[in-house]
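> Sequence first, predicted coordinates after that:
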Amino acid sequence: MANIIVVEDDPNFNRILSIYLSNHGHQVQSALSAQEAYDKMYNQLFDMILSDVMMPNIDGFEFTETVRKINPNIPILFVTAKDDIQSKQRGFSSGIDDYMVKPIDMGDCATTTSSRS
């Protein structure tokens, strides 16, 4: 079981990802901004970060660069709608480990989330 933080400013998508990961045996914390993620990361260790790119104030690129200065080994996965090659290159240059483009197929996630509404 991994301890994962989901950094996503869309509350609905954040909730879907968090529920999906929880239902698959992971401990999950959610953050609706990079600043909220920094605050949670200050008090808790995480095994992985799932982050959006397009967030207000501090975007995913800047967030990743800051995290990498503190923890160069934590896996960071971007889950974003930005599918252009420049964004992907910038993501990997900033220090992410992988890049998923929305929409993503989470199989039974829709039925899982509707049962908790």
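It's in. No experiment lies behind these values; they were computed from the predicted model shown. Numbers count the residues shown, from 1 in each chain.

> Low-confidence ranges, this structure, go.
Applying pLDDT under 70 to the chain picks out residues 107-117.

> Where is the longest helix in it?
What stands out as the longest helix in the chain, according to DSSP state H, is helix 11-23.

> packing partners for it?
On a contact count with 3 or more CB pairs under 8 Å, 6 or more residues apart in numbering; DSSP states H and E, helix 11-23 meets strand 3-7, strand 27-31, helix 109-114. In short, each C-beta sits where N, CA and C put it, glycine included.

> again, only this time at 10 Å
Packed against helix 11-23 by the contact rule (3 or more CB pairs under 10 Å, 6 or more residues apart in numbering; DSSP states H and E) you find strand 3-7, strand 27-31, strand 48-51, helix 109-114.

> Test my guess that residue 70 contacts residue 41.
Yes. Under the criterion of CB atoms under 10 Å, residue 70 makes contact with residue 41 at 8.1 Å.

> Among the two, which residue is more densely surrounded?
residue 41 (20 against 10; other CB atoms under 10 Å).

> which element is that one on?
Using DSSP states H and E, residue 41 sits in helix 34-43.
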